[in-house]
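In: Any chance you could fold what I've pasted below:
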Amino acid sequence: MRIEKETAIRRLTDHAFLLITLAGFIYIFFLLALNTGRGFDITDESFYILSASNPGDILASTTQFGYYTGILYSLADGNLVVFRLLGLLVLLITAGLFSYSLERYWRHLSGVSISDYSGWLSLGVILAGTAVYYKTWLLTPSYNWLALIGVLIVASGLLNAAVNATGRDVDSHGNSGLIGYGLVAGFGGSLSFMAKPTTAAVLAIIFLYFTAVTSLRHRWKVFVAVSLLSSAMFIFIHAIIFENGLIPFYVKLHDGSELGKLLAGGHTIGNISLQAYEDLKQIPNRLVQVFPIVYAGLAFLLLFFVSMITRYRKIPKKVSGAIFIVILILMSLYAWILLQKAGLWVGGRGVKVQIGFGGLAFSFVLIFFGLSTLALWKKEESDYHSHNIKFRQMLKLYVFLLVLAMAYAFGSANGLVRQMSGGFVFLSAASLYAAFWIDQHVEKKYLGYAVSLLFVLSVFLILTHAYRNPYRIDKVKDQVVRVSFVGHDGAIFVDEDTADYINNLKKPALDAGWKPGMFLIDMTGGSPGATVILGGRAPGTPWLLGGYKGSDNFARGILAKVSAPILHTAWILTAPKGKRKLSNEVLSDLGLEFPLNYEAVGKAKTGHRNEDQLLWRPLNVIPVEN
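Out: Below is the predicted model of the structure:
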């Protein structure tokens, strides 16, 4: 009777933790999904939209993401709301496959599956952690979106391949599995290359690391060969279909790299690596600032006290194990509170290193607990069953997950730790599975449950704050004015200032003869959204970035690749007093007699920068009456 009662209580507790965690993720999902129709950013988000709508117009770039986000854009028929929703669903589905692969690999390490409750908790945490990608409330698929998907796919391929590479699967079925997962890993690597070549470079190193430290090292030839060949084949097919050959593809990448260096002033691999090193070097100091030495000392003393009780058998081992886990839960909660007080669970505009460092720091806490458990919680040999995962195996997995977050982040001008915020899914998975290891070592399971709740709570705080403080737009709840773009049937809701900008831009343009699909040269340096609003096309690149030392030379270089007929018939948008405006000399150098051969047909003020912009129609374009 007593055993039945304990079992019932345990099941009730399991259900409670599971329901709370999954309910937290469901809330997060609907917070994002139900607001895909609200807000429009005229800067970064518009760059993503233009890249997806007309990727063939981009003549020099190191990223090819627009061809792949463009697939979703075409499926959405240009409807921005559907485009955003499809991006969210694809990202979460990919994360779900990664969660399944990670749980399968964990089961492979022990030979025993984690409980159904833990499996569902893992799924909830990983899906919620993936949603942190939207930490600044930029919901439109981008190159970072594609990079994260690529990393998730590569990780899934590697984890599953390691399972198939065991001695138990040496037959033809095992080989076919390795071939299949090699194709998956190669495909993910290619996607990451199309999104961010720097991410692909780090993934190649991670690929070699994981192959060397897992069971894959015994059967690496088939897997590595298939992965490399499939990746090369995918890139080859891309070059043939989208770029008309390998040479044009290479030229586009090379020219994009050279123009990027010109714009950003030396954004080279060497500089990126040095910046990443400087970021990593700051981590110990930041950890000490957030977690005083007293915290680490207190945690160790408490754990040591409980371990001594267990060692000398002052109380039953079952009870002492429960006390041990309770102390770990309390210390985890205290660590989470310290991170919260430090402002590290905050999303929205202006996010710097907070989220990435917060996830990294919390994972360090869990790995410290794991080391303490290994050192202090002594087990009898007879107690250490074959299904217990050794700490070094867990440590290899932990390192693997951490460097996946770094692979996603590497190459960003934002800095490594800051950009790792978007790879929060890997940081949360690293912490969760470290907690699972401690649970199986002590033969309890509640630390994993507690960590699940803390991470879902973190994501809840991050995204609700982003909802109230989104990137370069007003609060999401204030996006209430319905507007539409030229050439598109769908509508979105924006704030009043943005609505005025959209309407004041559309009406004079249409009255002056503008038609969807026309080219617009945006000389404002900071509002590619104007081209999106008008349903137009951007010659050479979606965004002529202003505000950099090399902006004028960048604009001159990319526009020089555009054919003369397109340049001479394109309309022009200027911001005479704009802080990021490009020099009119760029147009003169290209043979465009501006403003002599142009007529100002409209004026609009942006809500974002509060600057007046002028729309110019070339005089050789005949006005069309509406």
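In: how about the strands in the protein?
Out: Applying DSSP state E to the chain gives strands spanning 481-484, 491-494, 520-522, 571-574, 598-605, 612-618.
In: and residue 39, which of those strands is closest to it?
Out: strand 491-494 (6.6 Å; C-beta to C-beta). Backbone N, C-alpha and C define where each C-beta goes, glycine included.
In: show me the contacts for residue 79.
Out: 488-490 (C-beta atoms under 8 Å, 6 or more residues apart in numbering).
In: on that earlier part again, JSON lines for the strands of the chain, including mean pLDDT, distance to residue 393 and mean neighbour count?
Out: Output for these, formatted as JSON lines (pLDDT from 0 to 100; distance: least, C-beta to C-beta, whole Å; neighbours: other C-beta atoms under 10 Å):
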{"stretch": "strand 481-484", "mean pLDDT": "96", "distance to residue 393": "55", "mean neighbour count": "15"}
{"stretch": "strand 491-494", "mean pLDDT": "94", "distance to residue 393": "49", "mean neighbour count": "20"}
{"stretch": "strand 520-522", "mean pLDDT": "97", "distance to residue 393": "54", "mean neighbour count": "27"}
{"stretch": "strand 571-574", "mean pLDDT": "97", "distance to residue 393": "58", "mean neighbour count": "23"}
{"stretch": "strand 598-605", "mean pLDDT": "94", "distance to residue 393": "60", "mean neighbour count": "17"}
{"stretch": "strand 612-618", "mean pLDDT": "96", "distance to residue 393": "59", "mean neighbour count": "20"}
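In: any chance of these in JSON lines, with distance to residue 559 too?
Out: Below are these laid out as JSON lines (distance: least, C-beta to C-beta, whole Å):
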{"stretch": "strand 481-484", "distance to residue 559": "30"}
{"stretch": "strand 491-494", "distance to residue 559": "30"}
{"stretch": "strand 520-522", "distance to residue 559": "7"}
{"stretch": "strand 571-574", "distance to residue 559": "11"}
{"stretch": "strand 598-605", "distance to residue 559": "16"}
{"stretch": "strand 612-618", "distance to residue 559": "15"}
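In: how close does the residue lying closest to residue 470 once chain neighbours are set aside get to residue 474?
Out: Of all residues beyond its chain neighbours, the one nearest residue 470 is residue 137 (3.5 Å), with distances taken as C-beta to C-beta, 6 or more residues apart in numbering. To residue 474, residue 137 is 11 Å away according to C-beta to C-beta, to the nearest Å.
In: how about the residue positioned nearest the centre of the chain, what does it touch?
Out: What sits nearest the mean C-alpha location of the chain, by C-alpha atoms, centre = their mean, is residue 422, with 3.9 Å. By C-beta under 8 Å, 6+ apart, the residues touching residue 422 are 132-133, 135, 144, 148, 408-409.
In: Among those, which ones are in helices?
Out: Using DSSP state H, 144, 148, 408-409 are the members of those that sit in helices.
In: Filter these down to the buried ones and express that as a ChimeraX selection.
Out: Restricted to buried positions by 16 or more other C-beta atoms under 10 Å, the ChimeraX selection for these reads:
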select :144,148,408,409
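In: how about CSV for the ones in helices among the contacts of residue 422, with pLDDT and distance to residue 441 added?
Out: Formatted as CSV, those follow (pLDDT from 0 to 100; distance: C-beta to C-beta, whole Å):
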residue, pLDDT, distance to residue 441
144, 96, 37
148, 98, 32
408, 96, 30
409, 93, 31
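In: Mind picking the one among the ones in helices among the contacts of residue 422 that's closest to residue 210?
Out: Nearest member of the ones in helices among the contacts of residue 422 to residue 210, counting by C-beta to C-beta, is residue 408, at 15.6 Å.
In: just checking, the closest one touches residue 423?
Out: Yes: the pair residue 408 / residue 423 is scored as a contact, 3.8 Å apart, by C-beta atoms under 8 Å.
In: list residues touching both of those two?
Out: Common neighbours of residue 408 and residue 423 (C-beta under 8 Å, 6+ apart) are 148, 151.
In: Might you list the low-confidence residue ranges for the protein?
Out: Across the chain, the stretches falling below the confidence threshold (pLDDT under 70) are 1-11, 111-117, 167-174, 264-269, 293-300, 302-303, 306-320, 353, 378-387, 621-626.
In: and the contacts of residue 422 as TSV, adding distance to residue 181?
Out: Shown next, in TSV, are those (distance: C-beta to C-beta, whole Å):
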residue	distance to residue 181
132	27
133	25
135	31
144	25
148	20
408	20
409	25
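In: re earlier: the more surrounded of residue 137 and residue 474?
Out: residue 137 (26 against 17; other C-beta atoms under 10 Å).
In: got the contact list for the residue nearest to residue 470?
Out: Neighbours of residue 137 in contact, by C-beta under 8 Å, 6+ apart: 39, 347-348, 466-467, 470-471, 473, 476.
In: With respect to residue 614, which of those is nearest?
Out: Set against residue 614, the nearest of the contacts of residue 137 by C-beta to C-beta is residue 473 (23.2 Å).
In: Not counting sequence-adjacent ones, nearest residue to the closest one?
Out: Among residues not flanking residue 473 along the chain, residue 39 sits closest, at 4.9 Å (C-beta to C-beta, 6+ apart).
In: residue contacts, that neighbour?
Out: Per C-beta under 8 Å, 6+ apart, neighbours of residue 39: 137, 139, 470, 473, 476, 479, 492-494.
In: for residue 499, same thing?
Out: By C-beta under 8 Å, 6+ apart, residue 499 lies in contact with 481, 483.
In: and the gap between residue 155 and residue 189?
Out: 11 Å.
In: Over to residue 248?
Out: Distance of residue 248 to residue 189, given as C-beta to C-beta: 22 Å.
In: buried stuff in stretch 352-367?
Out: By neighbour count on 16+ other C-beta under 10 Å, the buried set for stretch 352-367 is 353-367.
In: For it, C-alpha coordinates in PDB please.
Out: Taking Å, rounded to 0.1, in the frame of the first residue of the first chain, the C-alpha atoms of stretch 352-367 are listed here in PDB:
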ATOM      1  CA  LYS A 352      24.300  42.600 -25.800                       C
ATOM      2  CA  VAL A 353      26.000  39.700 -24.200                       C
ATOM      3  CA  GLN A 354      23.300  39.100 -21.600                       C
ATOM      4  CA  ILE A 355      21.500  36.100 -22.900                       C
ATOM      5  CA  GLY A 356      24.400  34.300 -24.400                       C
ATOM      6  CA  PHE A 357      26.500  34.800 -21.300                       C
ATOM      7  CA  GLY A 358      23.600  33.800 -19.000                       C
ATOM      8  CA  GLY A 359      23.100  30.500 -20.700                       C
ATOM      9  CA  LEU A 360      26.800  29.800 -20.700                       C
ATOM     10  CA  ALA A 361      27.200  30.700 -17.100                       C
ATOM     11  CA  PHE A 362      24.300  28.500 -16.000                       C
ATOM     12  CA  SER A 363      25.700  25.600 -17.900                       C
ATOM     13  CA  PHE A 364      29.000  26.100 -16.100                       C
ATOM     14  CA  VAL A 365      27.100  25.900 -12.800                       C
ATOM     15  CA  LEU A 366      25.600  22.500 -13.800                       C
ATOM     16  CA  ILE A 367      29.000  21.100 -15.000                       C
END
